[in-house]
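>>> Generate a structure from the sequence data that follows.
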Amino acid sequence: MNKTAIQAYGNAERPTLSGRALEGRAFARAAQLLNDARNAPDDRRHAVKALRYNHELWTIMQAALQDEDSELPPETRAQIMSLSLFVDKRTAEALANPDAALLDALIEIDRNLSQGQLFNS
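Numbers count the residues shown, from 1 in each chain. Next comes the predicted model:
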């Protein structure tokens, strides 16, 4: 399948995704971008782009967790918020230090979230 066809498929699929499926897709993409950066340690721009995407995603998650209408139980919200603080800290470390190994924990967390393996409620 050529690149244009893949992009068209992705664009057609997006409007049908909602809720947790959309979140899962976003975290899967973040994990993939971080993994690609991990596998190309000499391409610092790629790592910065992946870290920024991941940071934006987690910032959105933090804002959603503070919404009083959240369907998540308070203890789950607190756990995810605590995890998001770790992600913030690790992101800052990875931006300051080009050690690709700093991406490992972020990749694992994003993969688990994308697959619904953390905080099932």
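>>> Residue 46: what's it in contact with?
Taking CB atoms under 8 Å, 6 or more residues apart in numbering as the criterion, residue 46 is in contact with 36, 37, 40. (C-beta placed from N, C-alpha, C; glycine too.)
>>> I'd say the first one and residue 50 touch.
If I follow you right, that is residue 36. Yes. Here residue 36 lies in contact with residue 50, judged by CB atoms under 8 Å, at a distance of 6.9 Å.
>>> how about the strands in the chain?
For the chain, strands defined by DSSP state E do not occur.
>>> so where is it shaky, pLDDT-wise?
Low-confidence regions of the chain, defined here as pLDDT under 70, cover residues 1-18, 117-121.
>>> hmm, 80 instead?
Counting by pLDDT under 80, the chain contains low-confidence ranges at 1-20, 117-121.
>>> For it, which segments count as helices?
In chain order, the chain shows helices spanning 3-13, 19-38, 44-65, 74-96, 104-114, with DSSP state H as the criterion.
>>> separation between residue 110 and residue 74?
To residue 74, residue 110 is 24 Å away according to CB to CB, to the nearest Å.
>>> What are the phi and psi values at residue 72?
Residue 72 has phi and psi values of phi -80, psi 140 when expressed as degrees, to the nearest 10.
>>> Do I have it right that it meets residue 79?
No. Taking contacts as CB under 8 Å, residue 72 lies outside contact range of residue 79: 9.3 Å.
>>> sorry, back to before: more neighbours: which of residue 36 and residue 50?
When residue 36 is set against residue 50 and neighbours are counted by other CB atoms under 10 Å, the residue ahead is residue 50, at 26 against 16.
>>> does the more buried one really touch residue 31, like I thought?
No. The pair residue 50 and residue 31 does not pass the contact test of CB under 8 Å, sitting 9.5 Å apart.
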